[in-house]
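In: sequence unknown, structure follows:
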């Protein structure tokens, strides 16, 4: 019997098995590396998407869908969710308002309260409004435009103000178009002022009245504003 030939064949068989095993382990390791790499890539994409859309999604989740007609009232804030201070400072404070009147920067007021109000989604932007409840008894409604292309706020407008202070009363009614991109605001404001005289007007006061129509048109990167005074008058009222 040729033992040498048998031994040589056996050794070759062992070497072949070892090579095959190493090759399989190498392929397995390579596949594992590819899977791990793809897994990290997917996680990074998810994280990036969450970071990009997280705060505007928070607005949508906590605000009410926009309605066509709305009468601003004192009890409105009782039906709304308060905005977290950290979220407010990070995403909604520091912008300059576009309309109406002079531009001013929105600063955080520690004595006021802020609430999510409404929102409406469009193909290229999101329009949403917050309610700023001041310590003086006024509710200010600020509408933001969030451009989906740039993932940023492009405009902020003070669309309405509701309240009374020191003889001044202001009432607002919001009316949106069917598309939701046009807003008409009907404002009625009163101001009563005592007439401190010692003549025939003693005990009387004056009342001024203004009826105003404001119009806003919202676009992804701009807001168009116009205002018309429909009626203005002043009367003297005596008790």
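Out: That came in fine, so what should we check first? Remember, predicted model here, so these are calculated numbers, not experimental data.

In: do you know how far residue 122 is from residue 76?
Out: With distances defined as C-beta to C-beta, to the nearest Å, the gap from residue 122 to residue 76 amounts to 24 Å. Using the backbone N, CA and C atoms, a C-beta is placed for each residue, glycine as well.

In: how about residue 233?
Out: Note on residue 233: its distance to residue 76, by C-beta to C-beta, is 28 Å.

In: look at those two and report which has more neighbours.
Out: Neighbours of residue 233 and residue 76, each counted by other C-beta atoms under 10 Å, are more numerous for residue 76; the result is 17 against 9.

In: wait, the more buried one sits on residue 131?
Out: Yes - with contact defined as C-beta atoms under 8 Å, residue 76 and residue 131 form a contacting pair (6.6 Å).

In: any common contacting residues for the two?
Out: 117, 139 (C-beta atoms under 8 Å, 6 or more residues apart in numbering).

In: got the buried residues for stretch 143-157?
Out: Residues 143-147, 153-157 are the ones in stretch 143-157 that count as buried (16 or more other C-beta atoms under 10 Å).

In: I should have written stretch 118-127 there, sorry.
Out: Of the residues in stretch 118-127, those buried under the neighbour-count criterion (16+ other C-beta under 10 Å) are 118-121, 125-127.

In: which helices and strands does the helix or strand hosting residue 141 pack with?
Out: Element membership for residue 141 (DSSP states H and E) is strand 138-147. Helices and strands touching strand 138-147, as assessed by 3 or more C-beta pairs under 8 Å, 6 or more residues apart in numbering; DSSP states H and E, comprise strand 125-133, strand 152-165, strand 168-176, strand 204-218.
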